[in-house]
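J.: build me a model:
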Amino acid sequence: MSGAVDQFVSRLDYPVFVVTTVDRTGDERDGCVVGFLTQCSIDPLRFLVCLSVRNRTYRVARQAELLAVHLVGEEQRDLVELFGGTTGDEIDKFERCEWSPGPGGVPLLDAASGWLVGTILDRFELGDHVGFLLSPTAGHVTDGQPPLMFSAVRDLEPGHSP
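T.: Numbering: from 1, shown residues only. Alright, predicted model coming up:
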């Protein structure tokens with residue numbers, strides 16, 4: 001990228017989220033941090049969640065019907081460190097946190113500020129990420145913490161291999 005584009009991108013700040021999923025068989029589950037998530041339709045309500053093709057969560061999500069998107073509050077950096085700084089290829093992240101099975105068995109993180117579960121309607125290749133189009137089916141908010149922003153975790157090294 002050019003210097004001007006690099007400067008532009010470096011000034012962007014947005015909330016980070018933790019996405020969890022379980023495959024259709026219920027045998028494999030995983031989760032990761034995502035920064036690329038947006039509401040993309042009002043009626044019907046739709047969200048686009050982008051997962052890096054490098055991480056295990058993407059591989060599990062290819063065989064999934066649902067994704068859970070978790071709100072992460074400013075005081076919940078530990079969730080981001082666990083789900084963003086480690087890889088499911090090496091550890092079971094769910095053994096290191098409290099969680100409960102949600103709709104369709106998708107893992108819901110007990111410490112998150114809230115969550116939304118959505119049915120995967122479609123998948124789109126978007127460069128080094130794949131976009132998952134979600135139709136929300138359930139949600140819950142547990143506290144009113146402001147969201148943890150990317151600028152607060154910019155120093156976190158990704159757990160997956162480049």
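
J.: over to Tyr58. Which of the three states is it?
T.: Reduced to three states with DSSP: H, G, I helix; E, B strand; the rest coil, the structure at Tyr58 is helix.

J.: so which helix or strand takes in the most centrally placed residue in the chain?
T.: For the chain, the residue lying nearest the average C-alpha position, counting by C-alpha atoms, centre = their mean, turns out to be Val19 (2.6 Å). Following DSSP states H and E, the helix or strand that holds Val19 is strand 17-23.

J.: who touches that strand?
T.: Contacts made with strand 17-23 from outside it, assessed by C-beta atoms under 8 Å, 6 or more residues apart in numbering, are listed as 28-35, 37, 49, 51, 57, 60-61, 63-64, 66-72, 79-80, 83-84, 99, 104-109, 112. Heads up, the C-betas are built off the backbone N, CA and C, glycines and all.

J.: try it again with 6 Å
T.: The list of residues contacting strand 17-23 from outside it, by C-beta atoms under 6 Å, 6 or more residues apart in numbering, reads 29, 31, 33-34, 37, 49, 60-61, 63-64, 67-70, 72, 79, 83, 105-107.

J.: can you give the strand pairings for it, parallel or anti for each?
T.: According to DSSP bridges, the neighbouring strands of strand 17-23, each with its direction, are strand 29-34 (antiparallel), strand 64-71 (antiparallel).
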